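[1] any chance you could fold what I've pasted below:
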Amino acid sequence: MASDIERSTMRKLALRVGCFCGLLYFFNWLDRNNVGFAALQMNKELGFAPAVYGLGAGVFFAGFAIFEVPSNIILHRVGVRVWIARIMITWGLICCAFAAIQNVTGFYSLRFALGVAEAGFTPGLVLYFSYWFPRRYRARAFALLFTTPLLAPVIGGPISGGLMTALNGMGGLAGWRWMFLLEGLPTVVLGFVCLLYLKAGPLQAPWLTQPEKDWLAATLQAEEEADPAKQHASVKAFLTDGRLWALTAVYFFWSMSGYGILFWLPQIIGAATGLNPFEISLINAIPFLFAIAGLVLIGRRSDRTGIRKQPIVIFAIGSGIALIAAASASSPLLGFVLICAAAFCIWGQQAVFWTLPSTYLTGASAAAGIALVNTGSALGGFISPPAIGFIRQAGGSYALGLACLGVTSLVVAVIVGLMRIDRTQPQP
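    Numbering: from 1, shown residues only. Sure, this is the predicted structure:
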């Protein structure tokens, strides 16, 4: 049984660290992915073909991938507080600049710049959580962290659709331009808040009592002594670490399915229904409610049992089957139900997956390794949305694109199934 000190400490960590970082992540995903809603008006106004939009959605990840590892190494050196604040302020300003896009060149340039500005954010938060949360609580902590960006399509989607519909034409600006401007400004403000709020670690947290600090420090140290994480002795040792590259490959294929759905679902719904942006945003939110349920339920279960490998394999297979079935569904409604099931399985894997790099690596190796793994996500995001755009433009249907996303999920199951992944200590 957990002691009173343990329960109070973990409750404070969830509220003070988990919820605040989750708020940052919410705006991160809102500003990164609101282009999916903007496309409902922007593509027509600027004459963007599906392939043009798809490449613009994906080129974000090129800048992201190039600067991901260097950014996280800098974060490790200068500290989370300063670097996360820098990331948020610059990406918020760039998001506002999207309101001035006039052509394809401007669209591509700003999407690339947004990726450069944001590089290091997700692995930075993953590394930051390893400073605070004991290993046996991390799947639940990551479930909390990764649930909040999924609120972007659930809550932020209707906000984006509502802004585009209500403000369209006001002051001579299209609704999608107002959306970019009004959703970028809060991110800039939160960047300055980070400078005041974020602490380097538990010993600097004024909201923990001394007994709570002592318990947390002793727990983190005992875990490290019992199962020390790896610190690579050289760059060569880092680059030849097969397990690290396997994790990167897993996240690459996972992100192909996740980002394919994220960037194209509003247009899939629009093509099937002919609704306005606000109505589309309400329907678009439904699969992400299932995604949130998957994150919470699977993360909790994994922490309680200490099992990490099997949940990823089982739900990767589930998402692959659901997406392939959605591609050949006999009706749009059945296809949508299957996409909801796929979302539950895809995002349900995420909290469990992110327990692996932070358990396996420490120090500078953790900073660079987590960033490298997340670069796999960037490469998946760079390939998947443009690929669906080209498939859509060539064949006129989203079915083949959905089937391809299903195959990438099955590849995740194969890779993780072949990996050796140890159990962690179950949650008391």
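[2] which strand or helix spans Phe315?
    Using DSSP states H and E, Phe315 sits within helix 309-327.
[3] with just CA atoms, put that helix into CSV.
    The C-alpha coordinates for helix 309-327 follow below in CSV (Å, rounded to 0.1, in the frame of the first residue of the first chain):
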residue,chain,number,x,y,z
LYS,A,309,5.4,-4.7,-24.4
GLN,A,310,2.2,-6.6,-24.8
PRO,A,311,-0.2,-3.5,-24.7
ILE,A,312,1.8,-1.9,-27.5
VAL,A,313,1.7,-5.0,-29.7
ILE,A,314,-2.0,-5.8,-29.1
PHE,A,315,-3.3,-2.3,-29.8
ALA,A,316,-1.0,-1.8,-32.8
ILE,A,317,-2.6,-4.8,-34.3
GLY,A,318,-6.0,-3.5,-33.4
SER,A,319,-5.5,-0.1,-35.0
GLY,A,320,-4.1,-1.8,-38.1
ILE,A,321,-7.1,-4.0,-38.6
ALA,A,322,-9.5,-1.1,-37.9
LEU,A,323,-7.9,1.2,-40.4
ILE,A,324,-7.8,-1.4,-43.1
ALA,A,325,-11.4,-2.3,-42.4
ALA,A,326,-12.4,1.4,-42.5
ALA,A,327,-10.8,1.7,-46.0
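[4] which is the next helix or strand following that helix?
    helix 332-353.
[5] so what secondary structure elements neighbour that following helix?
    Contacts defined by 3 or more C-beta pairs under 8 Å, 6 or more residues apart in numbering; DSSP states H and E place helix 332-353 against helix 138-151, helix 242-273, helix 277-305, helix 309-327, helix 399-418. In this view, the C-beta of every residue, glycine as well, is placed from N, C-alpha and C.
[6] pick out the least confidently modelled helix or strand of this protein, by mean pLDDT.
    Of all helical and strand segments in the chain, the minimum by mean pLDDT, DSSP states H and E falls on helix 235-239, at a mean of 62.
[7] state the mean pLDDT of the helix holding Phe315.
    Averaging pLDDT along helix 309-327 yields 92.
[8] what about it, distance to the chain center?
    19 Å (C-alpha atoms, centre = their mean, to the nearest Å).
[9] kindly report the same for stretch 193-207.
    Worked out by C-alpha atoms, centre = their mean, stretch 193-207 lies 23 Å from the chain centre.
[10] for that stretch, buried residues please.
    For stretch 193-207, burial by neighbour count (16 or more other C-beta atoms under 10 Å) applies to Cys194, Leu198, Lys199, Pro202, Ala205.
[11] what about that stretch, average pLDDT?
    Across stretch 193-207, pLDDT averages out at 88.
[12] where does pLDDT dip in the stretch 201-350 of the chain?
    For the stretch 201-350 of the chain, residues meeting the criterion pLDDT under 70 lie at 227-239.
[13] could I get the contacting residues of Leu93?
    Gly184, Val188 (C-beta atoms under 8 Å, 6 or more residues apart in numbering).
[14] what's the distance between it and Gly242?
    From Leu93 over to Gly242 the distance is 40 Å, taken as C-beta to C-beta, to the nearest Å.
[15] go on, Ala152?
    35 Å.
[16] more neighbours: which of the two?
    Ala152 (25 against 8; other C-beta atoms under 10 Å).
[17] circling back: in the helix holding Phe315, what counts as buried?
    Applying 16+ other C-beta under 10 Å to helix 309-327 flags 309, 311-313, 315-327 as buried.
[18] same check on stretch 11-24?
    Lys12, Leu13, Ala14, Arg16, Val17, Gly18, Phe20, Cys21, Gly22, Leu24.
[19] mind listing which of the residues you listed are in helices?
    If you go by DSSP state H, the buried residues of stretch 11-24 have Lys12, Leu13, Phe20, Cys21, Gly22, Leu24 in helices.
[20] any chance of the residues you listed in CSV, plus distance to Leu167 and pLDDT?
    Below are those laid out as CSV (distance: C-beta to C-beta, whole Å; pLDDT from 0 to 100):
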residue, distance to Leu167, pLDDT
Lys12, 40, 93
Leu13, 39, 92
Phe20, 30, 91
Cys21, 30, 90
Gly22, 28, 89
Leu24, 26, 92
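[21] just the closest of those residues to Pro70, please.
    Leu24 (20.7 Å; C-beta to C-beta).
[22] could you list every residue that touches Phe121?
    Shown in contact with Phe121 (C-beta under 8 Å, 6+ apart): Asn28, Ile84, Ile87, Met88, Trp91.
[23] where does it land on pLDDT?
    The model's pLDDT for Phe121 equals 87.
[24] that one and Glu279: what is the separation?
    For Phe121 relative to Glu279 (C-beta to C-beta), the value is 31 Å.
[25] ok so, going back, wait, which of the buried residues of stretch 193-207 is closest to Pro287?
    Cys194 (30.6 Å).
[26] quick check: the residue nearest to Tyr398 when sequence neighbours are not counted vs Gly157, distance?
    What sits nearest to Tyr398 in space, not counting adjacent residues and going by C-beta to C-beta, 6 or more residues apart in numbering, is Ile268, at 5.1 Å. In this view, Ile268 and Gly157 are 14 Å apart by C-beta to C-beta.
[27] more neighbours: which of the two?
    Taking other C-beta under 10 Å, Ile268 and Gly157 do not tie; Gly157 has more neighbours (27 against 22).
[28] got the contact list for the more buried one?
    Neighbouring residues of Gly157 by C-beta under 8 Å, 6+ apart: Phe37, Pro266, Ser281, Leu282, Asn284, Ala285, Phe288.
[29] most neighbours, which of those residues?
    Phe37 (29 neighbours).
[30] right, and that residue touches Pro158 too?
    No - counting by C-beta atoms under 8 Å, Pro158 is not a contact partner of Phe37; they are 9.6 Å apart.
[31] common neighbours of these two, please.
    Ser281.
[32] tell me the SS of Ser8?
    Under DSSP: H, G, I helix; E, B strand; the rest coil, Ser8 falls in the helix class.
[33] actually Ile421, sorry about that
    Applying three-state DSSP: Ile421 is coil.
[34] count the neighbours of it for me.
    Ile421 is flanked by 21 other residues according to other C-beta under 10 Å.
[35] same question, Ser257
    Neighbour count of Ser257, defined by other C-beta under 10 Å: 29.
[36] which ones are touching the closest residue to it other than its chain neighbours?
    In space, and not counting its chain neighbours, Ser257 is closest to Leu405: 4.4 Å by C-beta to C-beta, 6+ apart. Residues near Leu405 by C-beta under 8 Å, 6+ apart: Met256, Ser257, Gly260, Ile261, Leu323, Ser384, Ile388.
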